[in-house]
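**Student:** Here is the input, now give the coordinates:
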Amino acid sequence: MSCGGDLLSDLPVDLLLRVLHLAPAKEAASTTALSRGWRSQPWRSSGAVNLETRVEAYDPYSHELEHETLFFSRRDAFVSTAEAALDAADVPVTRLTLRLEFVGCDDSVDTFLHRDRDDIYIDSDSDSERPPSPGRDVIAKLLSHRAARRVEELRLAAEKWHSPTDGYEITSRDEVLTISLVSLPSDNLRVLELTACKALVPLPPASAVVFRRLSSLRLRHCTARIDALQSLVDAAPDLAAIHLESVTIAQQNDPSMSKYYYSYGADPPSTETVRLRCPAATVLVLDRCNWKVKPRAWYHEDKPVVLTVEIDAPRLQRFRYKGILLPVSLSPPPPDLARADLHFVPHHDDENVNKHLSNQKRKSDGDPSRELDLVAFWRFLQSIPNARELKLRVTALEHIAILSKARRLELLPVLSNLHRLELHGVHRPKGRTAAVAIANLLRCCPALGDLLIDLTVAHHEPEYQHGEDAFLERKFQSGREKSICLLNSYSSSTLMTPSPEGIAEGANYEEVSEIPALSRPSFHCLQSSLTRVGLRFRLEEANCFGVKLIKFFAENAIVLQEMCIDAGNEKLGDHMACKVERWIADSSIKRKPGASNFVVLPLKGRIWKCKY
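**Tutor:** Below you'll find the model as predicted:
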C-alpha cells in the first residue's frame, strides 16, 4: 500500500468475502476500516465469525478486589463483543471459531468460561469450591445465539500463551475446556474440531439431539470418556471422518474423571476391553491416543494390565494408527479397507500414551512383554486382511519376527488383497532376525506387487527416535562422500574395480552372502506378482544387510521389473546396476518369458504417503 492507496479495495467482492471468511473477526473489522472504498462491511456477509481472546491469569486466593474486578470485566467485555459480532452478521453464520489463549493455570479458563464472581470463594473449613453457576456457560451462550443456529463448521480451541521473548511456541497440550455436547448446534453442523478439552459432557441416554449432517470430527489434545465419545458418534449417522490426536480415552466408569476421586478400591481385572463403534466412518485416525485402564488401588499399581481395544468400523476405507503397540483390532475386519498406516512407537517414547505400560521392564529379550508385543502386532494385521496398501513403522524388526513354524501357523494372516507394502524398521547390524520378520511379511502377501523397505541400523536408533525427521534428513545427506570413502578403503586387488580414469567404480560384491531366513523358503509373490522393489539403507560395508537384500530380490523375484536403491550415494546405484544384472544372470532361477527388462533406478519420489 503506497501513497495512502488501498489495494484491498480493488479486489473483487467475492474474493474479499473469501479472504475475510478465513480472518478473525477483529482482523476483518480492521481490514474493513482500512478499506475506505467499501460502502459496507463485507465481513458481515462472509458467513464466518472467528472469535479470539486471551484469558489472563486469575488467582482466587489473592483476595485482590481490583484484580478480580478486572478479570471478570474482561470476560464480560469479550462476551458482549462476541455477541455484537454475531448480531452484526448480515447472513447466517456457517463457520464459527472460538480460540482462547490463556496465561497461567487452567483454572483461570474454567473460571472465565463457567463461573461468576459470587461463585469464587474459599471455605476455610472444607477448602471446597461452589459448583459452577447453572446459567453461566460462555461457550453454550454463544452457540445458542440466533445467528449461530445454522453453523456448519465449528472449531473450539484453547492454547497456552507464551510471550515471544520466552522463546517458546504456543502449545495446545494443556487441556482446559469443558464442552457439553447438548450445547452444540446440531441441525446443520458438518465439521466439528475441538482442541484442549479436558472433558466432554455426554448426551443424555434419551436425548433427541441428532447431528444429521456431521461428517468430520477432529479432537486434539483432549480427554474424553468412552461413553461421551460414543454418544457423539452414535448421534451422527453420517460421520465419515474421525481424527483423534493425543486424546486420552477414559473408560465409562472411570472415577478418576472426578476432581475429588482418590484411587482406592477393588483390584480391576487383568484384561480390560474398550470397544468403539464407528458405523459410518470411512476414515479413522488414532494418533498417539491414550486408552486408560480402570483406576487401581495404590498397592496394585505395578500389576500389569492388558488393555485390548476393538474398533467396529465396517465401512472403513483408510485407517491410521500411531502409538505404542497395543492389542488393537478392527472387528469385524472392514471389507473395503484400501489403506492402512501403522506406526508403532517405543513404549518409553511417548509420555502421553498408556503410562501404566511404560514402567514395565522391556529391554530384555526374555521379557514376557516381548511376547505380548509379538502377538499384538500379528493380531493387528489379522484384523485387516482386506487392505490393499499397508505402511508399517516398527521400532525393532526383531520384535515382530516369528521364529517357529507352529507360531507362524497360529499368527500369520493372509493379506490376499495387499498390493503395496512399505516397511520402515530398525534392525541389528547383521540383520539375521530382521530377515525373519521380512520373510514373515512376504509369506503373508501372496499378491504383493510393490515393496519398499527402509532400514535403520540399531546403533543409529537413539538418534532416530529423538528426532526422526531430522535424522532421516541427515541419514543420507553425506552418504555419497561416506560411501565413496568406504569403497576406497577396500583393497583394489580384492574389492575394487578401478576405472580407466583411476576412479573407483565400486566394491566387488562377489562375496555378498546369502540370507538364511530368506534363502530357504519360497514366496508366492516372488514367483508371480512382485514387479517393483525399493530399498533404502545406509551403506556401512559391502556385505551389509541392505546389500544382501538387493542380491536376494535380484536373484529370486522372477517377475521383477524395477529395483530402486538409495544407499546414500547416487553413483553407487549406477555401479550396483551392473552387479544386479550379473546376479540375475548367474542365478539358477530363470525369469519368466515375456517379462519386461529389469532396470535399477535411484530411489527418488518412490515413497507413497497416506493422506487423511
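
**Student:** Tell me where the model's unsure across the stretch 501-612 of the chain.
**Tutor:** For the stretch 501-612 of the chain, the stretches with pLDDT under 70 are 501-512, 520, 569-577, 586-597, 604-612.

**Student:** Try it again at 80.
**Tutor:** Scanning the stretch 501-612 of the chain for pLDDT under 80 picks out 501-514, 516, 519-521, 540-542, 567-612.

**Student:** where along it do the strands fall?
**Tutor:** 504-507, 532-536, 562-566, 599-602 (DSSP state E, counting those that start in this stretch).

**Student:** One more: the stretch 301-450 of the chain?
**Tutor:** With DSSP E, counting those that start in this stretch, the ranges of strands along the stretch 301-450 of the chain come out as 306-312, 318-323, 328-330, 339-344, 389-394, 420-427, 450-457.

**Student:** now the second one and strand 306-312, what's the angle there?
**Tutor:** For strand 318-323 and strand 306-312, the angle between their directions (axes from the mean of the first three to the mean of the last three C-alpha atoms, to 10 degrees) works out to 160 degrees.

**Student:** Check the fifth one too.
**Tutor:** Using the same axes, to 10 degrees, the direction of strand 389-394 lies 160 degrees away from that of strand 306-312.

**Student:** model confidence over strand 389-394, on average?
**Tutor:** Across strand 389-394, pLDDT averages out at 97.

**Student:** just checking, what packs against it?
**Tutor:** strand 339-344, strand 420-427 (3 or more C-beta pairs under 8 Å, 6 or more residues apart in numbering; DSSP states H and E). The way it works is simple: take the backbone N, C-alpha and C, and place the C-beta from them, glycine included.

**Student:** how about those in JSON lines, adding mean pLDDT, distance to I324 and mean neighbour count?
**Tutor:** Shown next, in JSON lines, are these (pLDDT from 0 to 100; distance: least, C-beta to C-beta, whole Å; neighbours: other C-beta atoms under 10 Å):
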{"stretch": "strand 339-344", "mean pLDDT": "97", "distance to I324": "7", "mean neighbour count": "22"}
{"stretch": "strand 420-427", "mean pLDDT": "95", "distance to I324": "15", "mean neighbour count": "21"}
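
**Student:** Could I get those in JSON lines, plus columns for distance to C444?
**Tutor:** Output for those, formatted as JSON lines (distance: least, C-beta to C-beta, whole Å):
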{"stretch": "strand 339-344", "distance to C444": "13"}
{"stretch": "strand 420-427", "distance to C444": "9"}
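
**Student:** To C289, which of the strands of the stretch 301-450 of the chain lies closest?
**Tutor:** Closest approach to C289 among the strands of the stretch 301-450 of the chain (C-beta to C-beta): strand 318-323, 6.1 Å.

**Student:** And for that closest one, what's in contact with it?
**Tutor:** Here strand 318-323 makes contact (C-beta atoms under 8 Å, 6 or more residues apart in numbering) with 282-289, 313, 328, 330, 334, 337-345, 350, 353-354, 384, 610, 612.

**Student:** show me the contacts for the nearest residue to D336 once chain neighbours are set aside.
**Tutor:** Spatially, and ignoring its direct neighbours in sequence, D336 is nearest to Q317 (5.6 Å; C-beta to C-beta, 6 or more residues apart in numbering). Contact analysis of Q317 by C-beta under 8 Å, 6+ apart lists 282-283, 334, 336-339.
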